Every structure is written in structure tokens, then in C-alpha cells.
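Engineer: sequence plus predicted model, see below.
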Amino acid sequence: MRFGAFPITELQSFPPPRHAQCWVYLTLNAEIALSLPQSPALQQLIRQPRVRISVDGQWLWWGLRRKYQARALSKLSGSDLIHRLAEHCSQSGQRLLLLGSSAQANLGAVQALQARWPSLAVSGIAPPHYTPGSDGEQAMHAASLAAIEACNADFVVLGLGASKEQRFALQLAAQLDGRVTGLMCFGGAIDLASGRVKRAPLLWQRLGAEGLYRVLQQPARLGRLARVLRIIPVLVSGQY
């Protein structure tokens, strides 16, 4: 499957509380798009009716907008949507759980969102590092389900890293039907919401240089940026 075949279904409104089916919301960036051929879990996940996908990343947005010229595709990143979701939960009285990132960033994001929306019911949990497919992953999933139950979460923002988020959603979404309204796979949005990582200025975003801006703050991401640059010849070729 090519990433150009992703069923792009932009978020127009959040589903009603305790929806019968737990939605999974995925923001599609270049890294996720490139991983598709090697990720059976992602391929299986995106075929499910519960999944909604938006475009995240300027280069990808340019390419998909060219492919789907009849559609007015928007660029909706997790770092934007986490604030839209917090505002929605604050106004509707729904509860939000942040699951992922480091303990410091998770706490910082909880505090930042509560400061902006004082009526927001939000809590967070930062799971320890684990290897996918290991006993550690099973223990983390069990602890996460317990945390979701304890805080009576309506929405859960996942900040575990792309592959771990996809596995989490694939394995657990059905168990949350009728209990959780949505699992939101937002990548690094928790780090950005906490303020520990600064969002690129709007001009950098529009030039498609947001990844470079992140590297300037976090040099360890240089190798990751180099891998993501492989999306450019794919987009130029149109074979997606």
C-alpha cells in the first residue's frame, strides 16, 4: 500500500461523549508515510473504520494536495490539535488523559493546558521505556488501561512515538469501545505543549523547515531528519 492511498478524513468535529466506537485519530507525517511498507500494524490499523487521518507536515501536505486537487486538504498537526482538543474538553466537560513523553514533559503539558483552560479536567502518565512486543509493552498497556479507567478519560492523547502509538491503538482500541471516545496519536505534541520543545515559527513551518528547527533544539534528531528527507524524491516522482 502506498501512503497516497491513505483515507484522509480531516477532523471537522469531535465525536460525542462515550461514542459506541472508540475513534483512533492519526496525524500522517513523512516518517509515518515512509514506514508504511514495513509496518503491518499500521497497514492493519488504517483499514479500520474507526480510524481518522489528517495530514501533518508541509512536504507531505504539498504532495497530497497535488495528488488530490479536487479536495481542499488542510494541514492539521498533533501539536495544533492537542490545543483544539483541550479547548473542546474544557467546554464539554470531557476528561483528557495525556499518555506518553517523559515525566517532566508530561507534567509540564498538563500544567500548561490547565493554565490555559482552568476548567479542563486533565491528567497524565509517562510510561517507562519498553520494547515493542516485550513483557514491558504488555505491562505498559495494562497500566495504561488502569489509568484510563481511574481518571474516566474521554480522550487519550498518545505521545509514545509513532510505531508504539500504532500498536497501542491497534491492540487496545476495541477494548475501549463505549468507554473512551478517542485515542489521539499525536506524536511529539505533549513535548511541544509542555514548552520544553519550542514549536517552529510560522515562516519555518510554511517553508517545510520545521524538522530542521527541531534539530537545532535537539541535535540527536539529526539522523531522524536525514531519514525523513527520503520523502522528497518520492514526492517528486509522484509514485505515492
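Structural biologist: That came in fine, so what should we check first? Numbering: from 1, shown residues only.
Engineer: how about the residue positioned nearest the centre of the chain, nearest residue that isn't a chain neighbour?
Structural biologist: The residue at the geometric middle of the chain, judged as the C-alpha nearest the mean C-alpha position with CA atoms, centre = their mean, is F186 (1.6 Å). Using CB to CB, 6 or more residues apart in numbering and skipping residues adjacent in sequence, the residue nearest F186 is G78, 3.0 Å away. In this view, the C-beta of every residue, glycine as well, is placed from N, C-alpha and C.
Engineer: for that neighbour, what are its contacts?
Structural biologist: Going by CB atoms under 8 Å, 6 or more residues apart in numbering, G78 touches T27, D56, V157, M184, C185, F186, G187, G188, A189.
Engineer: which of those residues sit farthest apart?
Structural biologist: The two members of the contacts of G78 with the most space between them (CB to CB) are D56 and V157, at 14.1 Å.
Engineer: neighbour-wise, which of those two wins?
Structural biologist: Between D56 and V157, counted using other CB atoms under 10 Å, V157 has the larger neighbour count: 31 against 26.
Engineer: check which helices and strands the strand or helix carrying that one is in contact with.
Structural biologist: Counting by DSSP states H and E, the element that carries V157 is strand 155-159. Using 3 or more CB pairs under 8 Å, 6 or more residues apart in numbering; DSSP states H and E as the contact test, the elements touching strand 155-159 are helix 78-92, strand 95-100, helix 162-172, strand 182-185, helix 189-194.
Engineer: if we can go back for a sec, what would the contacts of G78 look like in a markdown table with distance to Q94 and pLDDT?
Structural biologist: A markdown table is the format used below for the contacts of G78 (distance: CB to CB, whole Å; pLDDT from 0 to 100):
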| residue | distance to Q94 | pLDDT |
| --- | --- | --- |
| T27 | 20 | 90 |
| D56 | 23 | 89 |
| V157 | 12 | 98 |
| M184 | 12 | 96 |
| C185 | 18 | 94 |
| F186 | 16 | 92 |
| G187 | 22 | 87 |
| G188 | 23 | 90 |
| A189 | 18 | 94 |
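Engineer: and which of those is nearest to R221?
Structural biologist: Once CB to CB is applied, the member of the contacts of G78 that ends up nearest R221 is G188, at 9.8 Å.
Engineer: pLDDT weak spots in this protein?
Structural biologist: The chain contains residues with pLDDT under 70 at 1, 4-7, 10-12.
Engineer: strands of that one, residue ranges please.
Structural biologist: Taking DSSP state E as the criterion, the chain contains strands spanning 23-28, 51-55, 95-100, 121-125, 155-159, 182-185.
Engineer: among these, which comes closest to L107?
Structural biologist: Between L107 and the strands of the chain, the shortest gap by CB to CB is with strand 121-125, which sits at 6.4 Å.
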